[in-house]
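In: build me a model:
(one chain, ligands or ions: 1)
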Amino acid sequence: MTHGIALVGCGSAVPAASVSNALLSERVDTNDEWIRTRTGIGARRVSGPDEPLTVLAARAAEAALAHAGWSAEDLDLILLATSSPDDLFGTAPRVQAAIGANRSVAFDLTAACSGFLFALITAGQYLATGAMTRALVIGADQLSRWVDWDDRRTCVLFGDAAAAVAVEACPAESTGLLGFRMRSDGSRNGCLTLAQTAEHAPLLADLTAQRGGFAPIQMNGQEVYKFAVREVPAILAELLDATGTRADQLDWLLLHQANQRILDAVADRFQVPHGRVLSNLAHYGNTSAATIPLMLDEAVKDGRVQPGHLLASSGFGAGLSWGGALLRWSGPQG
Ligand code: UT7
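Out: Got it, this is the predicted structure:
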């Protein structure tokens with residue numbers, strides 16, 4: 001590895017419609033008090049007909065390009081982390097076309113709520129080897145398509161959003177990706193799925209063919225909760241240890257936004273004051289691959305995250321998958 005990776009811009013886009021807990025309780029048997037106390041969620045965005053994933057992701061991408069001071073032709077790579085593509089063959093090329101990033105290669109990466117972190121780390125490898133110079137990493141999901149709106153155990157949790165981070169190669173000593181860890185445990189895949197419905201229809205006399213389709217999201221909430229509060233602190237502790245970082249050196253915890261109780265538990269484990277744990281669950285709920293860049297964009301734009309700040313980030317979710325990264329925010333390079 002000869003180069004480092006600088007995080008130099010960010011941007012986001014959310015659908016116009018916000019659905020409060022009170023509104024949702026008109027549709028499904030739930031209430032604001034339960035959702036807020038159990039999750040910290042107050043509202044979520046739901047995409048309308050003119051807001052497909054490609055449109056949100058392209059808007060987020062353009063905002064990140066503008067923030068970084070780049071033009072779309074500068075990009076070598078667009079990596080789109082999503083589990084809710086507009087096209088199962090890949091949505092990143094649609095985003096590439098929409099923003100006019102003609103030189104770049106563009107492809108999707110699927111790792112559910114760990115997707116953005118895995119994509120950032122993956123993009124970082126192309127930059128670190130010198131194979132590429134500038135990349136846009138997008139996290140975008142519309143789980144509103146895939147929840148069962150009659151299942152109160154899941155539908156209250158999720159929302160739609162897209163957000164992007166611009167990363168570029170830099171000298172190794174000023175890298176913004178100071179360390180990372182990635183893990184998968186497919187033996188626990190059944191805890192959280194958006195699985196294909198294996199329907200077979202007659203094709204020829206002795207042959208059937210599969211008919212495509214997916215079942216709504218199924219989650220064993222308690223198992224996923226236990227997994228998160230065990231594995232996220234463990235992987236972050238490993239990362240801090242490996243990089244010789246003390247928790248009191250962290251400016252921010254930038255965690256996947258799934259449940260405020262998970263954020264608080266991780267903060268308590270490291271004795272990080274709750275004021276240094278970034279959270280926007282109240283406004284957006286769990287936007288899957290978008291949560292981490294959406295939260296980063298908000299905190300950068302309102303001035304909480306400053307150039308030079310150190311952030312411990314962790315994504316976790318379906319797969320099961322989880323990961324951690326120690327990040328230093330650079331901001332636009334002038
Ligand atoms: O992004 C991927 C990662 N995902 C996560 O990290 C999610 C992790 N899990 C969680 O955050 C929590 O487990 C949930 C928020 C999903 C659920 O919270 P919980 O405290 O584990 O609740 P529970 O599933 O044990 O349900 C407790 C009670 C049940 O009633 P009974 O059976 O005790 O009478 C549920 O039926 O709460 C009921 N309940 C609800 N009540 C009102 C479940 N959902 C709702 C609801 N409104 N929306």
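In: up against the ligand, what does the protein have?
Out: For the chain, the contact set with the ligand under CB under 6 Å from any ligand atom comprises 30, 34-35, 38-39, 113, 152-153, 156, 221-222, 224-225, 228, 258-259, 262, 286, 317. C-betas here are computed from N, CA, C, even on glycine.
In: out of those, which end up buried?
Out: Buried members of the residues of the chain next to the ligand, counted by 16 or more other CB atoms under 10 Å: 30, 35, 39, 113, 152, 156, 221, 224-225, 228, 258-259, 262, 286, 317.
In: any idea how far Asp50 lies from Ser279?
Out: Here the criterion is CB to CB, to the nearest Å. By it, Asp50 lies 30 Å from Ser279.
In: for these two, indicate the residue with more neighbours.
Out: For Asp50 versus Ser279, neighbours defined as other CB atoms under 10 Å are more numerous around Ser279 (18 against 8).
In: so what's Arg59 closest to, chain neighbours aside?
Out: The shortest distance from Arg59 to any non-neighbouring residue, by CB to CB, 6 or more residues apart in numbering, is to Ala13 (3.5 Å).
In: what bridges to the one you found?
Out: Beta-bridge pairing for Ala13 (DSSP bridges): Ala162.
In: that one and Gly139 touch, don't they?
Out: No - under the criterion of CB atoms under 8 Å, Ala13 makes no contact with Gly139, lying 11.5 Å away.
In: joint contacts of these two?
Out: Common contact partners of Ala13 and Gly139 (CB atoms under 8 Å, 6 or more residues apart in numbering): 162-163.
In: just want to know which of those two has more residues nearby.
Out: Using other CB under 10 Å as the criterion, Ala13 and Gly139 rank with Gly139 on top: 35 against 25.
In: ok, the strand or helix carrying that one: who's next to it in the sheet?
Out: Element membership for Gly139, per DSSP states H and E: strand 134-142. Note on strand 134-142: by DSSP bridges, its sheet partners are strand 77-81 (parallel), strand 160-171 (antiparallel).
In: and the pLDDT at Glu199?
Out: Glu199 is assigned a predicted lDDT (pLDDT) of 89.
In: and it, what does it touch?
Out: By CB under 8 Å, 6+ apart, Glu199 lies in contact with 210-211, 213.
In: got TSV for the residues you listed, with pLDDT too?
Out: Formatted as TSV, the contacts of Glu199 follow (pLDDT from 0 to 100):
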residue	pLDDT
Gln210	92
Arg211	89
Gly213	92
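In: from those, which land in strands?
Out: If you go by DSSP state E, these have 210-211 in strands.
In: what about Asn220, neighbour count?
Out: 15.
In: picking up where we left off before, could you dump the strands paired with strand 134-142 to JSON lines with mean pLDDT, mean neighbour count and distance to Leu250?
Out: Shown next, in JSON lines, are the strands paired with strand 134-142 (pLDDT from 0 to 100; neighbours: other CB atoms under 10 Å; distance: least, CB to CB, whole Å):
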{"stretch": "strand 77-81", "mean pLDDT": "98", "mean neighbour count": "28", "distance to Leu250": "24"}
{"stretch": "strand 160-171", "mean pLDDT": "98", "mean neighbour count": "27", "distance to Leu250": "19"}
